[in-house]
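Asks: Sequence and predicted structure, then a few things I'm wondering about:
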2 protein chains.
Amino acid sequence: MQLRYKTPEVITSVEGVKCSGVRIKGGGLGLVVCDGKAAGVFTTNKFKAAPVIVTENHLKKGYIKGIIVNSGNANAYTGEQGIKNAIKMAELLAEKIGCSREEIVVSSTGVIGVQLDIKWIGSLFNSAYPQINSSRENSWKFAKSITTTDSFTKQWGVKVGDCVVAGVAKGAGMIAPNMATMLAYVFTDAKIDCEGIIKKVVKKTFNSITVDGDTSTNDSFILVSTEKKECDEKKIEEAIMHVCSVLAEMIAADGEGASKLMRVFVRGAKNDVEAEKAARAVASSILVKTALFGCDANWGRVIAALGYSDVEINENLDLDIVGCKWDAEDAFRGGKGFKVELIKNGKDTGKRSLASKLMRENEVVEYHIDLKVGNGKSCIVGCDLNHNYVKINSEYTT
Amino acid sequence: MQLRYKTPEVITSVEGVKCSGVRIKGGGLGLVVCDGKAAGVFTTNKFKAAPVIVTENHLKKGYIKGIIVNSGNANAYTGEQGIKNAIKMAELLAEKIGCSREEIVVSSTGVIGVQLDIKWIGSLFNSAYPQINSSRENSWKFAKSITTTDSFTKQWGVKVGDCVVAGVAKGAGMIAPNMATMLAYVFTDAKIDCEGIIKKVVKKTFNSITVDGDTSTNDSFILVSTEKKECDEKKIEEAIMHVCSVLAEMIAADGEGASKLMRVFVRGAKNDVEAEKAARAVASSILVKTALFGCDANWGRVIAALGYSDVEINENLDLDIVGCKWDAEDAFRGGKGFKVELIKNGKDTGKRSLASKLMRENEVVEYHIDLKVGNGKSCIVGCDLNHNYVKINSEYTT
């Protein structure tokens, strides 16, 4: 599902950020040159890809001067040679910038288990590096260069007073609890505590989307501050949360072959942890996902998912369906759409066909569930499962 | 995927077991009359269907005189009226047999959240009851009557000396960890400790299959002994394990729309629990499942699944692919087929295209993984995920 959007700001709107990107058949290479504080969050998969291992090490100092990302090859499960190749990638950019390779972030995405062709990387680098600038166009080129099965490029950015927060993301499958095959780079020119903010933000955005439950070897989310300006930290944090919410929803919407975006809101849970568990069970249920594709307000499958989610529930629960159009402002917040009560105090309201009609007519479908146990709440964003997903993933080699 | 098989024995081969079944558009009704000790294992879903609640209560005494099962309506999430209807079903059969309703097992499968039409059940009962007998044909009729989206009926039985162990199962979707929308009834005329055996057996058979990760509200597995004969208990236990293994594989093979059966064997894990976790992660990964449909020996997805399964792993692991035909004898044991080593000591062997060929040519594909950490082992059986699954589940209302 391609989201139509016009982003107010792009990453090159952030003072001190320049970039470029080249894309050819089989992959691409993106470069960012910046100078600032940085923090990262990475995959929890035990088979961490080589660039993840290298970048985690580089980020220990907390500042960077550049980013190099290739698509087409994940450089994952590639052993010592993979580590050497990731370091070589960092060195390529470090030499040109004139910094140490420890000041470079390296990412890769694509096929697992194949050694990177470092000559191929070199030739892409030679065409990408001279093009680096701070144009709006280059921001789109960078976003495009890092995509794989993505059906649209993902960018979002906003102004907060004088400052800008803007990011680029990549991801369309293997999206799961705890960041799966997704890359995201968010920049701001405001002075912020990157390390402190990134953890709060990632939990409620990139770690709250689910496409297929698989967690990849390469996920990376990098937050960079070029520290050019002063700004109210609370407002900047909100803006970063917003930008990441939008990027995360873009990834979920692009869940390989998705036709609908799904937001699952659970409230009234025993606590937030249980709310998240319940919401995740519903959003991950492939029976719920296929029913969403079929535009069937089949609440039995939602009930079944809540039932096995292993959280405290009250049989007298409420379930509403809301249908709406996608709007960046509504990311993780809930849209302004038409609502149909499906279950009220544990009783079928008989409005199933009305709800199904709503599902057919809207690109975003929300499930609002009140478990009526406590005050815990959560939102998980996912998508439907349909023929395109199967087609893409049975024919594409990752 | 329809398995072609000819079962040596059926449930009516068990001394003391009679049955019948009727099937019409929209559902069916199956009846068993027997007299024996019984034990049951039921869904762990918090929204237990009414017949599950009623049957769990009835089985406390440990013996039964009959079983009544309907398909077409799950009688789940139906409140007090649902409980009353499940009890009425039990009473229908109890009155005819002349026993108390507590001696009857009741099961339902089908749509969730709709009240059972008890008149409809009554009319099906009136046509099914007079037909009860111990013919081989009726055993098939019973098996057929309890199916929903199943593409073939599921029966398996064997002789152990003088005794017979035979069972019937139903299930084709919502099959998951801990028994999802599946019904299974296994009978023997040998004297056994039903309660003791059932727990051992269910863990390694019905709870070791996965189709879509969803756990239903209605799962029930009932083990009955008519206690007509004496037999070596060890041999009978093995036979019950074998019968349940075969029935479980039949359910996995019929995973809605499946084209291939998948067996995942993990050995060398830290312990059996970790082995099961790892095998389940691989068998449940919808990326592994779509790659299986695409006959792509994409070991990167297997590695990624092992990586997020949260078990101890050694990077120098081995992964072999075996392709074979389905044979009841091989259920949960591994087939006699051609083997291709995909990863040896953590290194790609370069035999991916050979393995892909093997996958194309065989209906059963096995992944043999040696984690090289300890002595734990496990087998989980699943299936591929393809267009048929999406079609069935987006168009069928459960």
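Replies: That came in fine, so what should we check first? Numbers count the residues shown, from 1 in each chain, chains lettered A, B, ... in the order given.
Asks: shaky segments in chain A?
Replies: For chain A, applying pLDDT under 70 flags the ranges A:172-180, A:211-216, A:256, A:388-398.
Asks: quick one: the strands in it?
Replies: Shown for chain A, the strands assigned by DSSP state E span residues A:18-24, A:27-42, A:63-73, A:104-111, A:154-160, A:163-170, A:183-190, A:220-229, A:261-269, A:318-324, A:338-344, A:347-348, A:364-370, A:376-383.
Asks: Would you mark the buried spots in stretch A:96-111?
Replies: Buried residues in stretch A:96-111, counting neighbours by 16 or more other C-beta atoms under 10 Å in any protein chain shown, are found at A:97, A:99, A:101-111. All C-beta spots, glycine's among them, are computed from the backbone N, C-alpha and C.
Asks: again with stretch A:236-255
Replies: A:236-237, A:239-255.
Asks: one step back: can I get the strands of chain A in a markdown table including distance to residue B:356?
Replies: Listed next are the strands of chain A as a markdown table, based on distance: least, C-beta to C-beta, whole Å:
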| stretch | distance to residue B:356 |
| --- | --- |
| strand A:18-24 | 26 |
| strand A:27-42 | 22 |
| strand A:63-73 | 20 |
| strand A:104-111 | 15 |
| strand A:154-160 | 32 |
| strand A:163-170 | 27 |
| strand A:183-190 | 28 |
| strand A:220-229 | 30 |
| strand A:261-269 | 33 |
| strand A:318-324 | 42 |
| strand A:338-344 | 44 |
| strand A:347-348 | 48 |
| strand A:364-370 | 37 |
| strand A:376-383 | 29 |
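Asks: To chain B, which of these lies closest?
Replies: Within the strands of chain A, the stretch nearest chain B is strand A:347-348; the backing value is 5.7 Å (C-beta to the nearest C-beta).
Asks: Pull the distance from that closest one to the chain's centre.
Replies: Distance, stretch centre to chain centre, for strand A:347-348: 36 Å (C-alpha atoms, centre = their mean, to the nearest Å).
Asks: and that strand, which strands flank it?
Replies: Strands that pair with strand A:347-348, judged by DSSP bridges, come out as strand A:338-344 (antiparallel).
Asks: that older thread, residue B:125: which of the strands of chain A is closest?
Replies: When the strands of chain A are compared by C-beta to C-beta, strand A:347-348 sits nearest residue B:125, at 26.1 Å.
Asks: show me the contacts for the residue most central in space within chain A.
Replies: Centroid check for chain A by C-alpha atoms, centre = their mean gives residue A:248 as the closest residue, at 3.6 Å. Residue A:248 makes contact with A:169, A:205, A:206, A:208, A:209, A:331, A:332, A:381 under the criterion C-beta atoms under 8 Å, 6 or more residues apart in numbering or on different chains.
Asks: ok, how many other residues are close to the first one?
Replies: The burial count assigned to residue A:169 is 27, neighbours taken as other C-beta atoms under 10 Å in any protein chain shown.
Asks: Name all residues that make contact with it.
Replies: By C-beta under 8 Å, 6+ apart, the contact list for residue A:169 reads A:154, A:155, A:182, A:183, A:184, A:185, A:247, A:248, A:250, A:251.
Asks: residues making contact with stretch A:225-242?
Replies: By C-beta under 8 Å, 6+ apart, stretch A:225-242 touches A:14-17, A:34-38, A:158, A:160-163, A:165, A:186-194, A:197, A:200-201, A:204-205, A:223, A:331.
Asks: measure the residue lying closest to residue A:167 once chain neighbours are set aside to residue A:194 for me?
Replies: Of all residues beyond its chain neighbours, the one nearest residue A:167 is residue A:186 (3.5 Å), with distances taken as C-beta to C-beta, 6 or more residues apart in numbering or on different chains. As judged by C-beta to C-beta, to the nearest Å, residue A:186 and residue A:194 stand 10 Å apart.
Asks: neighbour-wise, which of these two wins?
Replies: More crowded of residue A:186 and residue A:194, by other C-beta under 10 Å: residue A:186, with 28 against 23.
Asks: ok, which residues in the stretch 201-350 of chain A are in contact with chain B?
Replies: Proximity of the stretch 201-350 of chain A to chain B, by C-beta under 8 Å from any C-beta of the partner chain, involves residues A:212-217, A:284-287, A:290-291, A:293-294, A:296, A:298-301, A:303-308, A:310, A:313, A:315, A:346-348.
Asks: Please type out the ChimeraX selection for whichever of the contacts of stretch A:225-242 turn out to be buried.
Replies: Of the contacts of stretch A:225-242, the buried ones go into a single ChimeraX selection, burial set by 16+ other C-beta under 10 Å:
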select /A:14,15,16,17,34,35,36,37,38,158,160,163,165,186,187,188,189,190,191,192,194,197,201,204,205,223,331
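Asks: Any chance of a PyMOL selection covering the buried ones in the residues of the stretch 201-350 of chain A next to chain B?
Replies: The buried subset of those, as determined by 16+ other C-beta under 10 Å, is captured in PyMOL by this line:
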select buried, chain A and resi 212+213+214+215+216+217+284+285+286+287+290+291+293+294+296+298+299+300+301+303+304+305+306+307+308+313+348
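Asks: Show only the entries of the residues of the stretch 201-350 of chain A next to chain B found in helices.
Replies: A:284, A:286-287, A:290-291, A:293, A:299-301, A:303-308 (DSSP state H).
Asks: Show me the two of those residues that sit farthest apart.
Replies: Farthest-apart pair in those is A:293 and A:307; separation 22.0 Å (C-beta to C-beta).
Asks: Mind listing what's buried along stretch A:51-67?
Replies: So, applying 16+ other C-beta under 10 Å, buried residues of stretch A:51-67: A:51, A:52, A:54, A:55, A:58, A:59, A:63, A:64, A:65, A:66, A:67.
Asks: Tell me which residues touch the second one, please.
Replies: Read it as residue A:52. With C-beta under 8 Å, 6+ apart, residue A:52 has these contacts: A:42, A:43, A:107, A:217, A:218, A:219, A:220.
Asks: Also the first one?
Replies: When contacts are counted by C-beta under 8 Å, 6+ apart, residue A:51 touches A:75, A:86, A:89, A:106, A:107, A:108, A:218, A:220.
Asks: Residue A:22 contacts residue A:128, doesn't it?
Replies: Yes - counting by C-beta atoms under 8 Å, residue A:22 touches residue A:128, with 4.6 Å between them.
Asks: list residues touching both of these two?
Replies: Each of A:29, A:145 lies in contact with both residue A:22 and residue A:128 under the rule C-beta under 8 Å, 6+ apart.
Asks: who's more crowded, these two?
Replies: The residue with more neighbours, out of residue A:22 and residue A:128, is residue A:128; 24 against 21, by other C-beta under 10 Å.
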